[in-house]
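K.L.:
build me a structure from this.
(one chain, ligands or ions: 1)
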Amino acid sequence: MIEIKPNIFNNFLCPECKSSKVEVKEIVFPGIHVLADCKCQICNTLFFSDFPIGHALFYPVTFNKSSYTIYDNENIAWFAKPLLNSYIYKLNDQISIQKKIYRQTKDIILLNCIDYLYGHVLLKLFNAQEYLEKFNKLGLVIIIPKQFDWLIPEGVSEVWTVDIKLKDAQNWFVVINDFIQNELKRFSKVYLSLAFSHPEFGKIDIEKFTGIKPFNIHNFTKQNPTFTFIYREDRLWTSGKLSSMISEINSQMYLFSLLKNILILFQKRKIIKTFRLLKNIFPNAVFNIVGIDTKGKYPAFINDMRKNKINISIEKLWCKIYSESHIVIGIHGSNMILPSVLSAGFIELLPMSREDNFLQDIAKSFNNRVDVFLGRFTQEYVRPIELASKIASVINKFPEAFIRYDNSFLGHKVYYETHKWKIDGN
Ligand SMILES: [Zn+2]
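P.N.:
Numbering: from 1, shown residues only. Next up, the predicted model:
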C-alpha cells in the first residue's frame, strides 16, 4: 500500500536532472492512472508521474507538463501515449458517479479499478480480498466502472461507481478527479492499493465476488461431462491465416461484413462438429454455448444461452454455467477470466498474434499440478477433431491425473486406496 494522506509517498525523480528533490504539489485522479503532479526543486521541471499501482507498478509513466515529452517510453507506448493524449484533450463531460457507503471509517485503502479493458478491471478488483482479510481495521473504498458493481465483495466500506463505457475509460475525466478530491477530504489516512494487475490467484475466493461456488473438483467424475463454448463474433475460431486476417479487419464495408458472416458460419460449423464428436464419445454430456453475439441457430442438443445484451442476471447465469462445466472453450480475448476460474478446466485457442499475451486472461491459479492438467492452450486453427480429442483426453484421463498430480495425494503418508474419499464416487 502507498500512503497518500496525510503523508504523500514521494519516491519520484526529476526526469530531466535526475534529482530526488521533487515536490508533489497535488495528486490527480483522472481515471485509470493516479498521478503525482510534480515540480523539481532543482531545475523547476514540471511533470506528472504515475504512482506505482496497477500496470504503473511495472511501467510508471512520467511526462513533461509543458513539452509533452514522455520519458522512458520504450515498450510502454500502449500505456503512456493514451495518458498523454488524455491530458492534452481533457474531458469535461458530466458523468454520473454513485457513492454507496456501507461503513464509516476515517482511515481507508483506495482501490482504483478503472480501466479500459474488461479483464484489467476484474483483475484489479480481485485485489480487494487481500485487504478485506488482512487489513479490516481500515476501510476499503473501491472505485470501479458501473457495470462491475455486481462483483463487489461483501465487507467493503464504500463503493464509488462511475458510469462510463470501458472504451472511453482512457480519457482524462475532470469530473472523476474533482469527485475523488472532494471525497478524500472526509478521511484522515488514505492508502492506495497496489492493485496488482495479476493478483495471487491461489488465494482468491471467486465466490466472494460472483456469489457462485466454483466447480467442485471432487464431483468431476460424478457429473455428466459438461462443455461450454465461450462464443464471440469479434474473436473468431478461424481456419487459416487469410481468414484470421479478415476476422481482424474492423470495417463496415459490405464486402468485409459479407466475408465476416461467412467466417461466423464456418465457426458455427466447427463448434457443432466438435460438440457432435464429443457427443459420440460422451452420450450423456451437456453442451452449452454462451456469449454476447447471437448469429445462427444451433441444434437442439446444444443449450444456446447467448444473448445480445447482458445484464446482471445473465452474467450470473453464465457464471453458474461455467461453474458446472468440466471444460470451457474459448478464444484468447473472449473474457476467459471468470470462465477459467469457475470451471474445472479450460481450453484456450491462442492465436500466434497473441502469444505475447499468454496467460493474461486466465485466472486459474496453477498452484496444483492438476490445474495444469486441466488448463490447456491450443493453436488458433485447431480442427474440431483435434479439439474434441484433446477435450476427451482430459475427461477420460482425469481420474488417473488426479491421483498422480493433485496436492492432496502428494506426500509419503498418503496412498490413494486409503484416501478418505474415492474419486470414482463408489
Ligand atoms: Zn530537475
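
K.L.:
so what's K167 up against?
P.N.:
Contacts here follow Cβ atoms under 8 Å, 6 or more residues apart in numbering; on that basis K167 touches Y116. All C-beta spots, glycine's among them, are computed from the backbone N, C-alpha and C.

K.L.:
so what's it scoring on pLDDT?
P.N.:
What the model reports for K167 is a pLDDT of 93.

K.L.:
helix, strand or coil: sort out it for me.
P.N.:
Under DSSP: H, G, I helix; E, B strand; the rest coil, K167 falls in the helix class.

K.L.:
I figured K316 hits F209, correct?
P.N.:
No - applying Cβ atoms under 8 Å, one finds K316 not in contact with F209, separated by 11.4 Å.

K.L.:
neighbour count winner among the two?
P.N.:
With neighbours defined as other Cβ atoms under 10 Å, K316 and F209 compare such that F209 has more, 22 against 14.

K.L.:
run through who's touching the host helix or strand of the more buried one.
P.N.:
Of the helices and strands defined by DSSP states H and E, F209 is found in helix 207-210. Contact with helix 207-210 is made by 125-126, 128-129, 151-154, 213-214, 316, 319, 338, 342, as judged by Cβ under 8 Å, 6+ apart.

K.L.:
let's see that with 7 Å instead.
P.N.:
Contacts made with helix 207-210 from outside it, assessed by Cβ atoms under 7 Å, 6 or more residues apart in numbering, are listed as L125, Q129, L151, P153, K213, P214, C319, L338.

K.L.:
could you report the neighbour count for the second one?
P.N.:
I take that to be Q129. Burial of Q129, expressed as a neighbour count using other Cβ under 10 Å, amounts to 20.

K.L.:
how near is the nearest residue to it once chain neighbours are set aside to the ion?
P.N.:
For Q129, ignoring the flanking residues on the chain, the nearest one in space by Cβ to Cβ, 6 or more residues apart in numbering is I204 at 5.7 Å. In this structure, I204 and the ion are separated by 42 Å, where distance is defined by Cβ to the ion, to the nearest Å.

K.L.:
just the helices in the stretch 1-150 of the chain please.
P.N.:
In the stretch 1-150 of the chain, the helices defined using DSSP state H, counting those that start in this stretch lie at 77-88, 118-125, 128-134.

K.L.:
looking at those, which is buried most?
P.N.:
With neighbours defined by mean count of other Cβ atoms under 10 Å, none of the helices of the stretch 1-150 of the chain is more surrounded on average than helix 118-125, at a mean of 21.

K.L.:
what helices or strands is the helix or strand hosting R269 leaning on?
P.N.:
Counting by DSSP H and E, the element that carries R269 is helix 254-281. When contacts are defined as 3 or more Cβ pairs under 7 Å, 6 or more residues apart in numbering; DSSP states H and E, helix 254-281 sits against strand 226-231, helix 241-248, helix 384-405.

K.L.:
which one, of the ones you listed, ends up nearest to V290?
P.N.:
Closest to V290 of the helices and strands packed on helix 254-281 is strand 226-231 (Cβ to Cβ; 6.2 Å).

K.L.:
show me how far the closest one is from its chain's centre.
P.N.:
Computed by Cα atoms, centre = their mean, to the nearest Å, the separation of strand 226-231 from the middle of its chain amounts to 18 Å.

K.L.:
what's in contact with that strand?
P.N.:
Where contact means Cβ under 7 Å, 6+ apart, the residues beyond strand 226-231 that reach it are 271, 275, 278, 285-291, 293, 306, 321-322, 324-330, 334, 336, 339, 391.

K.L.:
lowest confidence element among the helices and strands of the protein?
P.N.:
Here the helix or strand of the chain ranked lowest by mean pLDDT, DSSP states H and E is helix 241-248, holding a mean of 78.

K.L.:
and L184, how close does it get to F373?
P.N.:
47 Å (Cβ to Cβ, to the nearest Å).

K.L.:
more neighbours: which of those two?
P.N.:
Ranked by neighbour count (other Cβ under 10 Å), L184 and F373 place F373 first, with 19 against 16.

K.L.:
wait, what's in contact with the closest residue to P82 other than its chain neighbours?
P.N.:
Residue nearest to P82 in three dimensions, not counting chain neighbours: Q170, with 4.3 Å by Cβ to Cβ, 6+ apart. With contacts defined as Cβ under 7 Å, 6+ apart, the neighbours of Q170 are I32, P82, S86, Y116.

K.L.:
and which of the contacts of helix 207-210 is nearest to L255?
P.N.:
L338 (35.6 Å).

K.L.:
ok, the closest one to the ion distance?
P.N.:
Using Cβ to the ion, one gets 46 Å for the distance from L338 to the ion.

K.L.:
may I see the buried residues of stretch 166-173?
P.N.:
Within stretch 166-173, the residues that qualify as buried by neighbour count (16 or more other Cβ atoms under 10 Å) are L166, A169, Q170, N171, W172, F173.

K.L.:
pull the most distant pair out of the residues you listed.
P.N.:
Pairwise across the buried residues of stretch 166-173, and taking Cβ to Cβ, the largest span is found between L166 and W172, at 15.8 Å.

K.L.:
pick out the residue closest to the middle of this protein.
P.N.:
Among the residues of the chain, the one closest to the centroid is G119, at 2.3 Å (Cα atoms, centre = their mean).

K.L.:
that residue and I362 touch, don't they?
P.N.:
No - at 9.7 Å, G119 does not count as touching I362 under the criterion of Cβ atoms under 7 Å.

K.L.:
what about the residue of the stretch 251-400 of the chain found nearest the ion, how many neighbours?
P.N.:
Minimum separation of the stretch 251-400 of the chain from the ion (Cβ to the ion) falls at D356, amounting to 35.0 Å. Burial of D356, expressed as a neighbour count using other Cβ under 10 Å, amounts to 7.

K.L.:
assign it to helix, strand or coil.
P.N.:
Once three-state DSSP is applied, D356 turns out helix.

K.L.:
pLDDT score for it?
P.N.:
At D356, the model reports a pLDDT of 90.

K.L.:
ok, and the closest non-adjacent residue to V175?
P.N.:
By the measure of Cβ to Cβ, 6+ apart, the closest residue to V175 outside its immediate chain neighbours is I95, 5.5 Å from it.

K.L.:
can you get me a residue count around the one you found?
P.N.:
By other Cβ under 10 Å, 16 other residues sit near I95.

K.L.:
spit out the contact partners of it.
P.N.:
Applying Cβ under 7 Å, 6+ apart as the definition, the contact partners of I95 turn out to be V162, D163, I164, F173, V175.

K.L.:
sweet, I'm off.
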